[in-house]
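In: here is my input, please return the structure:
(2 chains)
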2 protein chains.
Amino acid sequence: MDEFALIGRYFAGLCGSDDSIVVGIGDDCAQLRVLPGHDLVVSIDTLVEGTHFLPGTHPEWLASRLLGAAVSDLAAMGAIPAWFTLALTLPEADEAWVGRFASQLGRSARQFGITLVGGDTTRGPLTLSAQVHGWVPAGRGLHRRGAAVGDLVCVTGTLGDSRGGLECQLAPEKGVNDSLLERFFAPQPRLDCGRRIAAHASACIDISDGLLADLGHVLAASEVGARIERRALPLSPALVSYCGETQARDWALCGGEDFELCFTVPVSRWETLQRDLAGGGVPVTRIGEILPATEGLQLADGGKPCPLPGTGYNHFASADDRADKE
Amino acid sequence: MDEFALIGRYFAGLCGSDDSIVVGIGDDCAQLRVLPGHDLVVSIDTLVEGTHFLPGTHPEWLASRLLGAAVSDLAAMGAIPAWFTLALTLPEADEAWVGRFASQLGRSARQFGITLVGGDTTRGPLTLSAQVHGWVPAGRGLHRRGAAVGDLVCVTGTLGDSRGGLECQLAPEKGVNDSLLERFFAPQPRLDCGRRIAAHASACIDISDGLLADLGHVLAASEVGARIERRALPLSPALVSYCGETQARDWALCGGEDFELCFTVPVSRWETLQRDLAGGGVPVTRIGEILPATEGLQLADGGKPCPLPGTGYNHFASADDRADKE
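Out: Residues are numbered from 1 along each chain as shown, chains lettered A, B, ... in the order given. Reported below is the predicted structural model:
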């Protein structure tokens, strides 16, 4: 057995077992049982060194970021996490690195309630892909389509923090804020929120490309427009103190990878939704409303129209390197 | 929308639709319906430039090789293919390259009866991962464990051809044989065989690391040994003519990526199995028998013990670069 086969053994230790796992790691395929009356939801996410993270990034951070970002897609569907697979390409069989990566992957997986069931470890430039699987009641689940004129536009948590965490790495001379770095490297998928809002929301997406870009996907899929109030955007004190309020609001609009949920809800459901969210520990903020498609996407500042900032989110690589998440 | 987002659109055209696909590409997750009474089987495979294929390899070949190899894991479980996702990391947004890759991916997917349901396209060193999903009747499916003392060891098709195809690339001055190259780049997963043998076989694996290495996985999982008859190994005329019989038999034992099935079957089921395989178009050959674990893995040549050749299969990279497929 060669170095890479040995490396693969680090992950075997992460594999849990439960009634849904008929055969886990160690066969040609994992064999899995979907809960009766439920649909399967799946999503795959890739992180590439130099594009999504800087060389030398701690393996713990890569593990929490990879799995957090992937599981966030399950949250956006209102799904219950079930299993994931890992495709790991490594430049060398560095057991210390893999041990640290695997330990954090295990911690994140336990936190999110998701179990590793298979993978492939290969040699090459550092690239990490996680495919996550979850369940939703058959025929249900939150989608991008479904927003209707008059619905409220809402977001969970605070926005722009991850962009602040990116800046802490790009320009450490401006100061480094640990809570912003944490938002960048350890995204907290809004699984509980996703499930709570699933009964009320008309459409939902997780914010990976930036609020305006991702809301744009909802608007396109739902064939509607929207107006967002700049002053309503939820900001963390850490971000405002790091970069000032004006920059913070721009990053809240255009910064990527916050992995909060952006969803729409009929006005009539707003109060019930708030009751159902009580005690969840994650604030939900109304930031705008859905308009007819002809109105497009508009921004207001204290009720007055204001121009949209340039959208688009840069990774470490140049602007046109932005990944497309289908 | 940037270059990579545009590239992603090439794949949207590949997405089929059927009753099992509630939501396909274009949302946070695909939402899928597993056939009632069936388990889900999943496997992920990665190809890395420089490790698994040479720079400049035609995109059509990468598409057929990626999907063929991944679907082969479904065949080894006796599964019915259902859906796949694609994580594609590209050094540049080369539309011509992607168009060719996507066209072949679509042809291979149609051939194998599997539908693209999602993916992620990112910039970075050329790396391709496919996760495949299939179905088996609940609680059934072929596994590596289950081989019993006295069972016959069998393989589908011919062995060593893919290793010959690799040699055609590494040493083109020795001559290039198109049918061997085809075996390397366009693996034909034995889906039909896998389903036909599922009712009879006691254990099964697909040959990706080489017969001896993969049979070794079956022996370990089943806690048994085996004796293989070197003269019984099925060879193609193309391979024998390319490299001579002695080399061909060595490659049949140790060459990787043939993507044939190696399975074990009780002697009492052999005749029924042959009847059930009739008309499938793929020959099945008895190459040995299962022994007690204490006997280990043995090789015979015309019934006389002979030494095992060095196992292990080299990609283009050095020997310790061998991928671990969990």
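In: where does pLDDT dip in chain A?
Out: Applying pLDDT under 70 to chain A picks out residues A:1-6, A:311-326.
In: residue boundaries of the strands in it?
Out: With DSSP state E, the ranges of strands along chain A come out as A:21-23, A:30-32, A:38-48, A:80-90, A:115-123, A:127-137, A:152-156, A:203-206, A:225-229, A:261-265, A:284-291, A:297-301, A:304-306, A:324-325.
In: among these, which is nearest A:Arg100?
Out: Using C-beta to C-beta as the criterion, the shortest distance between A:Arg100 and the strands of chain A is 12.7 Å, found for strand A:80-90. No exception for glycine: its C-beta is placed from N, CA and C like everyone else's.
In: hmm, A:Gln131 is touching A:Ala82, no?
Out: No: using C-beta atoms under 8 Å, A:Gln131 makes no contact with A:Ala82, being 11.5 Å away.
In: and the residue in the stretch 51-200 of chain A positioned nearest to chain B, its phi and psi?
Out: Relative to chain B, the nearest point of the stretch 51-200 of chain A is A:Gly124 (3.3 Å; C-beta to the nearest C-beta). In terms of degrees, to the nearest 10, the main-chain angles of A:Gly124 are phi 160, psi -170.
In: so what's the spatially closest residue to it that is not a sequence neighbour up against?
Out: Here the nearest residue to A:Gly124 in space, its sequence neighbours aside, is B:Val48; by C-beta to C-beta, 6 or more residues apart in numbering or on different chains that works out to 3.3 Å. Residues counted as contacts of B:Val48 (C-beta atoms under 8 Å, 6 or more residues apart in numbering or on different chains) are A:89, A:122-125, A:127, B:125-127.
In: at 6 Å what do you get?
Out: A:89, A:122, A:124, B:127 (C-beta atoms under 6 Å, 6 or more residues apart in numbering or on different chains).
In: same list (the strands of chain A) but as a markdown table, adding distance to A:Ala12.
Out: Putting the strands of chain A into a markdown table (distance: least, C-beta to C-beta, whole Å) gives the following:
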| stretch | distance to A:Ala12 |
| --- | --- |
| strand A:21-23 | 13 |
| strand A:30-32 | 12 |
| strand A:38-48 | 22 |
| strand A:80-90 | 12 |
| strand A:115-123 | 9 |
| strand A:127-137 | 17 |
| strand A:152-156 | 35 |
| strand A:203-206 | 30 |
| strand A:225-229 | 47 |
| strand A:261-265 | 34 |
| strand A:284-291 | 40 |
| strand A:297-301 | 47 |
| strand A:304-306 | 54 |
| strand A:324-325 | 29 |
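In: right, and those strands - which one's nearest B:Leu62?
Out: Each of the strands of chain A was checked against B:Leu62 via C-beta to C-beta, and the shortest separation belongs to strand A:115-123, namely 14.4 Å.
In: what pairs with that closest one, parallel or antiparallel?
Out: Each strand pairing with strand A:115-123, determined using DSSP bridges, is listed with its direction: strand A:80-90 (parallel), strand B:324-325 (antiparallel).
In: mind listing what A:Asp178 touches?
Out: Contacts of A:Asp178 (C-beta under 6 Å, 6+ apart): none.
In: can you give the domain ranges for chain A?
Out: Split into domains by automatic domain parsing, chain A comes to A:3-137, A:152-307.
In: can you say which of these is packed in most?
Out: Counting by mean count of other C-beta atoms under 10 Å in any protein chain shown, domain A:3-137 has the highest mean neighbour count of the domains of chain A, with a mean of 22.
In: any idea how far that domain is from the chain center?
Out: For domain A:3-137, the distance between its averaged C-alpha position and the chain's averaged C-alpha position is 15 Å (C-alpha atoms, centre = their mean, to the nearest Å).
In: export stretch A:43-53 as PDB, just CAs?
Out: The C-alpha trace of stretch A:43-53 is given here as PDB (Å, rounded to 0.1, in the frame of the first residue of the first chain):
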ATOM      1  CA  SER A  43     -24.600  19.600  -4.300                       C
ATOM      2  CA  ILE A  44     -20.800  19.600  -5.100                       C
ATOM      3  CA  ASP A  45     -18.300  22.400  -4.200                       C
ATOM      4  CA  THR A  46     -14.700  22.800  -5.100                       C
ATOM      5  CA  LEU A  47     -11.900  24.800  -3.500                       C
ATOM      6  CA  VAL A  48      -8.600  25.400  -5.400                       C
ATOM      7  CA  GLU A  49      -5.400  26.700  -4.000                       C
ATOM      8  CA  GLY A  50      -4.600  30.100  -5.400                       C
ATOM      9  CA  THR A  51      -8.200  30.700  -6.600                       C
ATOM     10  CA  HIS A  52     -10.200  30.200  -3.400                       C
ATOM     11  CA  PHE A  53      -7.500  30.300  -0.700                       C
END
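In: of the contacts of B:Val48, closest to A:Ser64?
Out: Within the contacts of B:Val48, the smallest distance to A:Ser64 is 18.8 Å, found for A:Thr89 (C-beta to C-beta).
In: measure the closest one to A:Pro55 for me?
Out: According to C-beta to C-beta, to the nearest Å, A:Thr89 stands 15 Å off from A:Pro55.
In: now do A:Leu233
Out: From A:Leu233 across to A:Pro55, the span is 33 Å (C-beta to C-beta).
In: same check, this time on A:Leu88
Out: Distance check for A:Leu88 against A:Pro55: by C-beta to C-beta, it reads 16 Å.
In: cool, and A:Leu211?
Out: On the measure of C-beta to C-beta, A:Leu211 and A:Pro55 end up 29 Å apart.
In: how about A:Arg100?
Out: 16 Å.
In: from what I see, A:Thr285 and A:Arg231 are in contact.
Out: No: judged on C-beta atoms under 6 Å, A:Thr285 makes no contact with A:Arg231 at a distance of 11.1 Å.
In: dig out what A:Val23 forms beta bridges with.
Out: Residues found in beta-bridge contact with A:Val23 (criterion: DSSP bridges) are A:Gln31.
In: that one against A:Cys29, yeah?
Out: No: in this structure A:Val23 lies outside contact range of A:Cys29 using C-beta under 6 Å: 7.5 Å.
In: mind listing the helices for the stretch 51-200 of chain A?
Out: Assignment of helices within the stretch 51-200 of chain A using DSSP state H, counting those that start in this stretch yields the ranges A:59-76, A:95-112, A:161-170, A:178-185, A:191-197.
In: is the first one positioned near chain B?
Out: Right, helix A:59-76. Yes: applying C-beta under 6 Å from any C-beta of the partner chain, one finds helix A:59-76 in contact with chain B at A:73, A:76.
In: what's that helix packed up against?
Out: Contact here means 3 or more C-beta pairs under 6 Å, 6 or more residues apart in numbering or on different chains; DSSP states H and E; on that basis helix A:59-76 packs against strand A:38-48, helix A:95-112, strand A:127-137, helix A:178-185, strand A:203-206.
In: about what we covered before: identify whichever of the domains of chain A lies nearest to B:Pro59.
Out: If you check each of the domains of chain A against B:Pro59 by C-beta to C-beta, domain A:3-137 wins as the nearest, at 17.7 Å.
In: so for stretch A:202-219, first residue to last residue, what's the gap.
Out: 12 Å (C-alpha to C-alpha, to the nearest Å).
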